[in-house]
Each structure stands twice: as C-alpha cells, then as structure tokens.
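Undergrad: Prediction below, plus the sequence it came from.
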Amino acid sequence: VTAKLLDGKSLARELQHEIAERVMEFVQNNAVTPTLAAVLVGTDPASEVYVRNKRRACEKVGMESRLVRLPPEISQDELMGVVAKLNRDDGVHGILVQLPLPSQIQATRILDAVHPLKDVDAFHPENVGRISQGRPRYLPCTPQGVLQLLFRNGLAVAEKRVVIIGRSDIVGKPLALLLMQRESALGEGMANATVTVCHSRTPNLPTLTREADVLIAAVGKPRFITAEMVRAGAIVVDVGINRVNEQIVGDVDFEAVKEVAGYLSPVPGGVGPLTIAMLLQNTLAAAAAQMA
Ligand code: NAD
C-alpha cells in the first residue's frame with residue numbers, strides 16, 4: 001500500500017475561495033480593502049519568488065498588496081524608518097518583512113519594530129507570547145498551514161504522539177506550542193497532542209521518529225527522513241523546501257517513505273501553498289482588528 005497524498009495545492013485553492021468570500025463581505029461592510037505591505041530588501045532570487053507569490057495570492061482573493069523594494073545596502077536606521085512609516089499608515093493592515101535580511105541589518109530589531117496588530121507573520125514577541133499562553137492573535141503561517149493540512153484531511157492530533165524535527169522560531173517551535181495546547185480554534189481534535197521536538201543535538205533520532213503517529217519534518221536537509229525512520233502507517237508532513245539541481249525537494253525521501261507511511265505531503269504542493277493561504281487569512285484578520 002502506498003501512502004495517501006496530503007494535497008496542499010488543491011486545499012489552498014479551496015481555502016483561498018473561502019477567504020475571497022470573506023474579503024468581499026469585509027469590503028462591503030467596511031469600505032476598506034485589506035492591504036498587505038511586503039518589504040523586500042535586496043534581490044535574493046528565492047525571496048523575489050516568495051514575495052511575488054504572496055502578492056499574487058493577495059490580489060486573487062481581492063486584497064491589495066504593496067511592494068516596498070529596498071536596496072541591499074540599506075542601513076538599520078533607514079529600514080527602521082520604513083517599518084515605522086508602514087506602522088503609521090492606516091491604509092496598510094499587514095506588514096511582511098521578507099527574510100533573510102542583509103548582514104548589516106539586525107533582523108530581530110526589525111521584526112520587533114513591526115506593530116503587533118500588523119504582524120501577519122506572528123513573529124513579534126507579543127504575538128509569540130500570546131501563542132505560548134494559548135490566546136493567539138495571529139497564528140504563524142507555516143505551522144497553521146500544517147494544522148490545516150491535517151484538519152481538512154480529517155486527521156486529528158489529539159491523544160496522538162507527534163514528533164517534530166526542527167526547533168526554529170518560524171516552524172518547529174511554534175508548531176509544537178500549537179499542537180500541545182488544550183484548545184485549538186480548529187476544534188477539539190487539533191490540540192492535545194503529545195509532542196516531542198527533535199533537533200540537531202538529539203541522540204538516537206530514528207528511535208524517536210519511529211514512535212511518531214504524526215511525523216513533521218522541518219529540517220532543511222534534502223531527503224533527510226528515510227523509510228527506516230518512519231513507522232508503518234504514520235502520517236508524515238514534509239515542511240522542507242530544498243533546492244537540489246534546480247529542483248525543489250522536501251526533507252522526506254518521498255519515493256521511499258510513501259511505501260511505508262499512511263499519509264504523506266508532497267513537496268512542492270504540500271505545506272508551501274497553505275503557508276500563503278494562512279498569510280491571507282492573517283491579513284484579513286489584521287484588517288478586521290484595525291477596524292475595531
Ligand atoms: P532552520 O534551519 O531554522 O531549522 C532547521 C532545524 O532542523 C533546526 O532547528 C535544527 O536543529 C534541525 N536540524 C538540523 N540538522 C538536523 C539533524 N541532523 N538532525 C535533527 N535535526 C536537525 O529551518 P526552518 O526555517 O525551520 O525551515 C526548515 C525547512 O522548512 C527548510 O527547508 C525551509 O526552507 C522550509 N520552510 C518551508 C516553509 C513552507 O512554507 N513550506 C516555510 C518555512 C520554512
């Protein structure tokens with residue numbers, strides 16, 4: 001038996017239709033179009049693609065997107081000034097600072113400067129703190145995308161053993177917080193997991209991954225998860241995006257693992273499109289929060 005595919009691409013399309021309807025209703029009620037400002041520093045090709053995709057998605061659901069394009073040699077103070085101006089701008093509801101930033105910039109200081117109500121990536125310490133305390137404002141896009149992928153495929157995590165590989169502030173850590181909480185906005189089945197977080201210093205990794213009912217890979221290493229690391233029938237979610245010879249591959253050895261897993265998300269076409277859908281959802285929520 002081969003694994004059932006967790007198709008993020010068609011799910012993202014479905015979610016975007018739902019968001020588009022809510023945007024239309026929002027515009028009718030408020031005479032305001034939710035607007036995302038994307039800040040792009042420099043000309044990193046991957047960042048260019050990410051920002052373009054995010055802006056296109058905004059427009060597809062009836063939201064506006066602005067691009068603030070800045071030269072790679074911009075100073076910390078100048079960039080702080082750009083963020084401050086967007087914070088003050090009532091026509092901007094969400095601010096996205098595309099990472100990575102050039103080396104002369106202290107990224108943490110920039111992300112901390114984004115107004116918490118406009119922080120649609122949920123990177124601000126206030127928003128992270130709220131997630132940790134189980135009273136989230138905005139949910140971080142990739143972790144929320146993973147949860148949606150499970151939820152909309154009818155796969156509950158409650159009482160399940162979830163193993164996450166990766167402890168980053170963007171994926172692994174917030175995902176662990178969401179999965180272990182008592183309550184989820186998505187419903188009962190999407191909280192109360194028993195979560196193990198593995199990382200680069202974890203000994204005996206395969207022993208731990210084989211215990212997982214749900215295995216989530218956010219490692220950033222191509223085909224790192226082999227079939228031997230997966231329990232038969234497990235749900236495997238691949239967050240990884242790695243470029244190998246002009247091709248995008250995940251953190252999971254797809255061909256081998258699909259013969260073992262019960263469910264498997266592909267790369268591309270898995271978590272990636274959902275990350276963008278969740279950004280749209282947060283931008284709409286941000287616009288609503290700023291109307292109040
Ligand atoms: P990161 O580099 O910040 O974190 C990687 C994590 O993997 C670290 O916590 C590290 O401890 C762990 N790790 C590294 N080597 C390991 C090893 N040998 N054994 C066990 N753990 C190990 O990366 P990130 O930002 O969390 O992203 C992870 C992957 O997900 C990347 O491929 C990234 O491109 C991708 N990503 C995808 C999306 C999406 O929308 N699908 C969004 C963000 C990141």
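TA: On my side now, so go ahead.
Undergrad: Would it be right to say that residue 196 lies in a strand?
TA: Yes: Residue 196: assigned to a strand according to DSSP: H, G, I helix; E, B strand; the rest coil.
Undergrad: Look up how far the ligand lies from it.
TA: Residue 196 sits 12 Å away from the ligand, going by C-beta to the nearest ligand atom, to the nearest Å. Every C-beta, even on glycine, is put in place using the N, C-alpha and C of the backbone.
Undergrad: Count the neighbours of that residue for me.
TA: 16 (other C-beta atoms under 10 Å).
Undergrad: got it, and residue 192?
TA: For residue 192, the count of nearby residues is 17 (other C-beta under 10 Å).
Undergrad: Check residue 95 too.
TA: Neighbours around residue 95, by other C-beta under 10 Å: 28.
Undergrad: if you skip the residues just before and after it, what's nearest to it?
TA: residue 118 (4.6 Å; C-beta to C-beta, 6 or more residues apart in numbering).
Undergrad: count of neighbours near the residue in the stretch 1-150 of the chain that the ligand sits nearest to?
TA: Closest residue of the stretch 1-150 of the chain to the ligand, C-beta to the nearest ligand atom: residue 142 (4.1 Å). The local packing of residue 142 (other C-beta under 10 Å) involves 24 other residues.
Undergrad: What average pLDDT does the host helix or strand of it get?
TA: If you go by DSSP states H and E, residue 142 is part of helix 141-151. Averaged across helix 141-151, the pLDDT comes to 98.
Undergrad: by contact count, what packs against it?
TA: Counting contacts by 3 or more C-beta pairs under 8 Å, 6 or more residues apart in numbering; DSSP states H and E, helix 141-151 is packed against helix 8-30, helix 172-180, strand 235-238, helix 271-291.
Undergrad: please redo it, this time with the cut-off set to 6 Å
TA: Judged by 3 or more C-beta pairs under 6 Å, 6 or more residues apart in numbering; DSSP states H and E, helix 141-151 is in contact with helix 172-180, helix 271-291.
Undergrad: and the angle for that helix with helix 8-30?
TA: 110 degrees (axes from the mean of the first three to the mean of the last three C-alpha atoms, to 10 degrees).
Undergrad: Output the helix or strand just after helix 141-151 as CSV, nothing but the C-alphas.
TA: Per DSSP H and E, the first helix or strand lying C-terminal to helix 141-151 is strand 161-165. The C-alpha atoms that make up strand 161-165 are tabulated as CSV, following Å, rounded to 0.1, in the frame of the first residue of the first chain:
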residue,chain,number,x,y,z
ARG,A,161,2.2,11.1,19.6
VAL,A,162,3.6,13.9,17.3
VAL,A,163,7.3,14.1,16.6
ILE,A,164,8.6,17.4,15.1
ILE,A,165,12.2,17.5,13.7
